[in-house]
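>>> Need coordinates for the following:
(2 chains)
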Amino acid sequence: MDNKTKYIKELSALVENKPTAKQKLWLVFLLVLIGAGAFAFFYQLRNGQIVTGMRDNVVWGIYTIFFVVFLGFSYAGALIASILHLARVRWAKPIVRILELIAVFSLIVGPPFILFCLGRFDRLLMIFTHGRLQSPIIWDVIAIVSDLIISIVFIFITFIKDFALLRDNTELKIPKWRRKFYTFFAFNYKCTLKQEELLNKAHDILAAILIPITIVAYSLLACIFAMTLKTGWHSTIFAPYFVLTAVFSGTALVIIVLWIVRKVYKLHDYITKKHFNLLGFTMLVLCLIYGYFTFSEYFTNWYGGDLNTMMILSKLLSFHEYGWMMLTYILLASVIPIVIIGLPWFRNVSTITFAAFTTLTGLILHRFIVIIPTQETPFLPVQDIRPEYISYSATWVEWMLTLGGVAAFLFLFSAATKIVPVISISEMQESLKKKKLKIFGTQPDE
Amino acid sequence: MKIHTAAIIRILTSLLAIIVLLTVSDHLTAQEAEPLESDLALTVWQLGDGSIEFNIEISAEDASDNYYEVSGALVNLSQVIGDSVQLVAQTVTNSAGKASLIIPPEKTFEVDTEGFVYFLLSYDGDEQFRECEAEAGFKRVFIDVEIDEDEDSSKSLYVTAHFIDSEGNEQPLHDEELLFYVKRLYSWLPIGDIWMEEGEGYFDFPLDIPGDDNGGLTVAIRLEDSENFASAKQIISLNWGIPVDYSEKEIQRTLWSNYAPVWMIIALIFVLAGVWINFFLAIFKIFRMSKSKE
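As a prediction, the model looks like this:
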């Protein structure tokens, strides 16, 4: 059996296999969490924002943190997938689909998180009817909507060839509705030269516009913070810092998802140690640049000695406030990945995945450190006010709703891997082609 | 691995039980708890047109110093005449536990032997909060203002004030301090005070206060927290401010400007056009692909 046939047979089987009892239980578990999240949402809707830990000063809490986290995953997924596609990177073929799935599902799950911060849900449509073009929030709304539509179309384009292969695979034992689904979304693709050329062009165009869109969109998200005059947010490097953090956390997430997918679907032949090593090195480089940015941001602020900045920095360094969180985040997102990936003795598939997991956790903590202390340190002196109006502490409603959102992401991803091959069959077949691929009309050195 | 249905049902039931517990916990706590002591804070203003404004705020605190604003509370305003109480009006507190009542000037009240009118504001309480009340007693006072503009460009206000005694006669206000304020964007700016002597007083108005486009100012003359008269105020409009042209500031770049700058609109149109033209180009190629028969 040649590789081409092997790919069709093995990867098509991924959508053919019925879910195991464990997988069914996993999906049911996620549905219960989503249900709990929905309950928390209606509870908050009925009782108002008072059931959350958000008050006069801290108006962006854990919802905003996960909004930033999920949009980071999404933009990172779309950005990396587009770059890998346009650069025709062969070794990355098995991971592109995973990146694309992360991009779309994060972008579906992420934006609702910011809506949970709304005190008046009935005024939601006013964002569109009364939006002010000069407000960074409207820039972000436009960017997210554009990005969502383009990402969904982009991912569908990447599915067309696979859907056509699955449609034409008569040996595949799948329900009728599934075959009709593949037939419909294959858009009459018959793999003719003309069709392939048109499809590849469309794919290239969308990949090319997704790169600036994702960078601009995440920079605009940073603008929501940086364009205020608040100490800790009003920084010139916030936009690139956000984009870098997104790519860093996105890479960590991809490693974790690859490890899970490899284990669950037994894809050791496709997702190899080489992928983990290369992604690990990418993460290491990103970690070093990220560390440089972080140092530059805090050192410059500290050296200036501005009163408000010093108040925030003293909170970050005090073990009675955010000192432990700061230390944990540095340990998880910088020290552990550098030691594990940087030193060859510790480096293997499992440890790289572990480092990715600690990185992801550390970066979520970092978002907390960036978003919360600034709001707890207003410019005006705060006196004679109840402590809960200054210090933020998330309530069970916020945790349950957030958990529901995370479960929704996992559910969408898990369910999607049962409908579309988690590794693109067509991309794998293309990686076998010996001919040189065009990159923007030039011939790359391979 | 086989999963037992009973085990799944047990897990799901447990999760459901936790959710239900969390939902009802608030209600249970509220039902079991004793009603909290509540407090009625009252401020009274005698207004220039003769009406009386009662501002009410009902709040409560529990043992853990948690603060509650008592909303939806029915508050009775009654006049106290000797030992009897006569209901005058009712109101209900809003979501912030606040309510306001304005008694019109045509409503007259019986005064006691010293010329005082007494009012009682009471809240009967409910399952959550205990009853509370507040009392206010004061003599009716009236403040009047006349504008005095001299040829030498000095400007002053001639203020007269009187109160009603036990016989219903007007008596001049004496040895009481009146305070002067000008309305600014967020609050009232104090600009000076005078002491009333035999029911009259002059206030030299400062001429360096910025006003609106025409120099318009809103001025309040207040008698504050008096032992006999509670608080009273008279509000007037004057054109004694320095005219300030605000239209110049409106065209500056601000977040609250009516329109986005032109360069921003043009830039956005270009960026969005660039993105969406390419997007539709890609869609067009997919459409052509689906129709292609080659």
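>>> give me the low-pLDDT residue ranges for the chain?
Unless you meant another one, I'm taking chain A. For chain A, the stretches flagged by pLDDT under 70 are A:1-5, A:382-385, A:432-446.
>>> Oops, wrong one, chain B.
Within chain B, the ranges that satisfy pLDDT under 70 run B:1-9, B:11-12, B:15, B:19, B:22-33, B:151-152, B:248-255, B:294.
>>> One more pass at 50, please.
For chain B, the stretches with pLDDT under 50 are B:1-2.
>>> Go ahead and flag the most central residue of it.
Geometric centre of chain B, nearest residue: B:Lys98, 8.6 Å, by C-alpha atoms, centre = their mean.
>>> Measure how buried the closest residue to that residue other than its chain neighbours is and give me the count.
Leaving aside its sequence neighbours, B:Lys98 sits nearest to B:Glu57 (C-beta to C-beta, 6 or more residues apart in numbering or on different chains; 5.0 Å). Glycine gets a C-beta too; all of them are placed from N, C-alpha and C. Using other C-beta atoms under 10 Å in any protein chain shown, B:Glu57 is surrounded by 18 other residues.
>>> Grab the nearest non-local neighbour of residue 161.
Because you didn't say which chain, this covers chain A. Closest residue to A:Lys161 apart from its sequence neighbours, by C-beta to C-beta, 6+ apart: A:Ser426 at 3.4 Å.
>>> other chain: chain B
Leaving aside its sequence neighbours, B:Ala161 sits nearest to B:Leu173 (C-beta to C-beta, 6+ apart; 3.9 Å).
>>> count of residues packed around that neighbour?
27.
>>> likewise A:Gly280?
26.
>>> Spit out the contact partners of it.
Counting by C-beta atoms under 8 Å, 6 or more residues apart in numbering or on different chains, A:Gly280 touches A:Ile255, A:Ile341, A:Arg347, A:Ile352, A:Ala355, A:Ala356.
>>> Assess the claim that the first one and A:Thr351 are in contact.
No: A:Ile255 sits out of contact with A:Thr351 when judged by C-beta atoms under 8 Å, with a separation of 11.0 Å.
>>> Pick out whichever of the two has more residues nearby.
More neighbours surround A:Ile255 than the other of A:Ile255 and A:Thr351, with 26 against 18 (other C-beta under 10 Å).
>>> Can you list the strands that the helix or strand containing B:Leu77 pairs with?
Using DSSP states H and E, B:Leu77 sits in strand B:74-81. Using DSSP bridges, the strands paired with strand B:74-81 are strand B:84-92 (antiparallel), strand B:117-123 (antiparallel).
>>> gap between that strand and the chain center?
The chain centre lies 22 Å from the centre of strand B:74-81; the measure is C-alpha atoms, centre = their mean, to the nearest Å.
>>> Quick one: residues in contact with it.
Contacts for strand B:74-81 (C-beta under 8 Å, 6+ apart): B:40, B:54, B:56, B:58, B:85-93, B:99, B:101, B:103, B:109-110, B:112, B:117-124, B:135.
>>> how about that strand: buried residues?
B:Val75, B:Asn76, B:Leu77, B:Ser78, B:Gln79, B:Val80 (16 or more other C-beta atoms under 10 Å in any protein chain shown).
>>> in what helix or strand does residue 225 lie?
Looking at chain A here, since you left the chain open. Going by DSSP H and E, A:Phe225 is in helix A:193-226.
>>> oops, I was thinking of chain B
strand B:217-226.
>>> That strand: which residues count as buried?
So for strand B:217-226, counting by 16+ other C-beta under 10 Å, buried means B:Leu217, B:Thr218, B:Val219, B:Ala220, B:Ile221, B:Arg222, B:Leu223, B:Ser226.
>>> Spatially nearest residue to the second one (excluding sequence neighbours)?
It stands for B:Thr218. Among residues not flanking B:Thr218 along the chain, B:Lys183 sits closest, at 4.0 Å (C-beta to C-beta, 6+ apart).
>>> Alright, calling it a day.
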